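**Q** Please find the sequence and the predicted model below.
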Amino acid sequence: TDISVNKYLILYFKYRPVNSSQYKTSFGGMLKLDACDATSIVSAVREFYRKHKLDLNKMVMFTSDGASVMLGKLNGVAARLKIDVPHLVQQHCVAHREDLGISDSWKEVKLMKEVETFMRTVYTIFCRNSTKRSQFKELANASECESIAFRPPNEVRWLSRHFALKAIIRNYDVLLKYFEEEKDNDINDPISTYCYKKLNSHQFHITLEVLNDVLFELASLTMAFQKRGLTPLEAYHLAQGKLNKMRMQYFGDTVNWSDNVKNLLSKISGKVSVKTDSILTFINILCLHLGERFPENEIEEWSAFDLTAIAQCDYGFGIEHIHSLCSKYTQFLQEEKVVEQYNDFKFLVSEKIRGKLINSFPDMVTLAFQNDQFAELAKLMDIGGTFLASSADCERGFNLMNSLKTKLRNRLQLEHLEMLMRVKSH
């Protein structure tokens, strides 16, 4: 919905141009909706394809956020499109999935609610009072510390918790001094007293430092998920790699704290007893939630093109999955030829992986297109190559729309707005 409360659907397409082996993700268009329900959205999509003479059957994946109107099992947009396109695969955006996993884990641990209350309190104090902001900056300058703006932890914004906590960690010493002075100047100020007690607690300080390390790892994963053209297979490997790293770091034989946490622990060693059970419980629950949101069976069929597995494959590797994929796309593929070509292809790829000549799925697709002997297999890989794991491009599209249609330009109509979007997108 734009600033003038018009309802729009923004479409992005991932495709491979003719005579090219490279995939592109481009702005497709904007559709004005009568209502934000599945029926209206599906009708608008069908009309868009008809108007531009596009073949709906060539749609192989529908990627969206996790809203039920888009991905509902029975009456969502993807489910209704599958009536026309039986082979259509629906994809829940991986960046949204990660954020939902973090939110679910956050709600299950009492300590995280206390952390969020503290972050919101600090943000509210300084965002609503320019005098307090000025006093804080003066104290930071006097302490020769570089202050950074505080951010709110927002549930509907990727990375918001990371940015909110990062600002508090960067300003920690100055915040401690500021609230100590405020508490002493006004003994009846319960908010300053609350903030000072939290900041002066070694237990709370270490919790924030550990949490900052965890959120930094998750933020880097979110940034990786926003890469243009990311395939579900690549996204799955990124998620599993990050989860394995966190499990090894915090749940191995010993906990491998970061240098910042080690320094804090060494400073209070023998003075105060610090418990880390709660924060480790949160990390464990987080790993469980993210593991459930990135299941292995989701991309099981396409594991026939997993680089790591192909590098160590045997003769029968991947054949069952190739048969399964061919049965799904029978109107595009000749199953016998695909299976025959795959057997030769996987051993060629295995050798090229050892020679470090192939490093990604797009490299494999390029190899298939460059060799006529794999022409039929290339069609199957072409389908996988157009899969898109994230709806980050659409999110960028909404941000672009809001930057174009502002309060001063709120009478922009769809045709003009779409043309501006197309120009800015390129």
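**A** That came through, no problem. Just so you know, these numbers come straight off a predicted model, no measurement behind them. Numbers count the residues shown, from 1 in each chain.

**Q** Surely residue 63 is within a strand?
**A** Yes: checked against DSSP: H, G, I helix; E, B strand; the rest coil, residue 63 lies within a strand.

**Q** Regarding the closest residue to it other than its chain neighbours, which helix or strand does it belong to?
**A** Computed as C-beta to C-beta, 6 or more residues apart in numbering, the closest residue to residue 63 that is not its neighbour in sequence is residue 91, at 4.2 Å. Glycine gets a C-beta too; all of them are placed from N, C-alpha and C. Residue 91 is located in strand 89-92, with elements delineated by DSSP states H and E.

**Q** just checking, what packs against that strand?
**A** strand 61-64, helix 77-84 (3 or more C-beta pairs under 8 Å, 6 or more residues apart in numbering; DSSP states H and E).

**Q** ranges for the strands of the protein?
**A** Here the chain has its strands, by DSSP state E, at 8-15, 24-32, 61-64, 89-92.

**Q** For residue 179, which of those strands is the nearest?
**A** Minimum separation from residue 179 across those (C-beta to C-beta) falls at strand 89-92, 41.9 Å.

**Q** Direction included, what does the closest one pair against?
**A** Using DSSP bridges, strand 89-92 pairs in its sheet with strand 61-64 (parallel).

**Q** So what touches the partner strand?
**A** Contact with strand 61-64 is made by 70-71, 77-78, 81, 88-93, 386-391, 394, as judged by C-beta atoms under 8 Å, 6 or more residues apart in numbering.

**Q** got the CA positions of that strand in PDB?
**A** Extracted in PDB, the C-alpha atoms of strand 61-64 (Å, rounded to 0.1, in the frame of the first residue of the first chain):
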ATOM      1  CA  MET A  61       8.600 -20.800  -8.800                       C
ATOM      2  CA  PHE A  62       6.500 -18.300  -6.800                       C
ATOM      3  CA  THR A  63       8.600 -16.500  -4.100                       C
ATOM      4  CA  SER A  64       6.900 -14.400  -1.500                       C
END
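
**Q** could you dump the longest helix belonging to the chain to PDB, C-alpha only?
**A** Counting by DSSP state H, the longest helix found in the chain is helix 202-225. Coordinates of the C-alpha atoms in helix 202-225 are reproduced here as PDB (Å, rounded to 0.1, in the frame of the first residue of the first chain):
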ATOM      1  CA  HIS A 202      28.100  -7.700  35.000                       C
ATOM      2  CA  GLN A 203      25.600 -10.400  34.300                       C
ATOM      3  CA  PHE A 204      23.600  -8.200  32.000                       C
ATOM      4  CA  HIS A 205      26.700  -6.700  30.300                       C
ATOM      5  CA  ILE A 206      28.000 -10.200  29.400                       C
ATOM      6  CA  THR A 207      24.500 -11.200  28.200                       C
ATOM      7  CA  LEU A 208      24.400  -8.200  25.900                       C
ATOM      8  CA  GLU A 209      27.900  -9.000  24.500                       C
ATOM      9  CA  VAL A 210      27.100 -12.600  23.800                       C
ATOM     10  CA  LEU A 211      23.800 -11.600  22.200                       C
ATOM     11  CA  ASN A 212      25.600  -9.000  20.100                       C
ATOM     12  CA  ASP A 213      27.900 -11.700  18.800                       C
ATOM     13  CA  VAL A 214      25.000 -14.000  17.900                       C
ATOM     14  CA  LEU A 215      23.000 -11.200  16.200                       C
ATOM     15  CA  PHE A 216      26.100 -10.200  14.300                       C
ATOM     16  CA  GLU A 217      26.300 -13.800  12.800                       C
ATOM     17  CA  LEU A 218      22.600 -13.700  12.000                       C
ATOM     18  CA  ALA A 219      22.900 -10.300  10.400                       C
ATOM     19  CA  SER A 220      25.600 -11.500   8.100                       C
ATOM     20  CA  LEU A 221      23.400 -14.400   7.100                       C
ATOM     21  CA  THR A 222      20.500 -12.000   6.400                       C
ATOM     22  CA  MET A 223      22.800  -9.900   4.200                       C
ATOM     23  CA  ALA A 224      23.900 -13.100   2.300                       C
ATOM     24  CA  PHE A 225      20.200 -13.900   1.800                       C
END
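
**Q** Can you point out the buried residues in it?
**A** 203-215, 218-219, 221-222, 224-225 (16 or more other C-beta atoms under 10 Å).

**Q** Looking at the helices and strands packed on strand 89-92, which is nearest to residue 337?
**A** strand 61-64 (23.7 Å).

**Q** Now do that closest one: distance to the chain's middle.
**A** What separates the centre of strand 61-64 from the centre of its chain is 14 Å, taken as C-alpha atoms, centre = their mean, to the nearest Å.

**Q** Next: stretch 61-68.
**A** Taking mean C-alpha positions (C-alpha atoms, centre = their mean), stretch 61-68 and its chain are 13 Å apart.

**Q** List the buried residues in it.
**A** Buried-residue list, stretch 61-68, by 16+ other C-beta under 10 Å: 61-65.

**Q** Mind telling me the two of those farthest from one another?
**A** Largest pairwise distance in the buried residues of stretch 61-68, by C-beta to C-beta, is 14.5 Å, between 61 and 65.

**Q** what's near enough to touch residue 317?
**A** Applying C-beta under 8 Å, 6+ apart, the residues contacting residue 317 are 304, 309-310, 346.

**Q** so which of the residues you listed comes closest to residue 355?
**A** Among the contacts of residue 317, residue 310 lies closest to residue 355 (C-beta to C-beta), at 13.4 Å.

**Q** I'd guessed that closest one sits against residue 351; true?
**A** No: contact criterion C-beta atoms under 8 Å: residue 310 and residue 351 do not qualify, at 10.2 Å.
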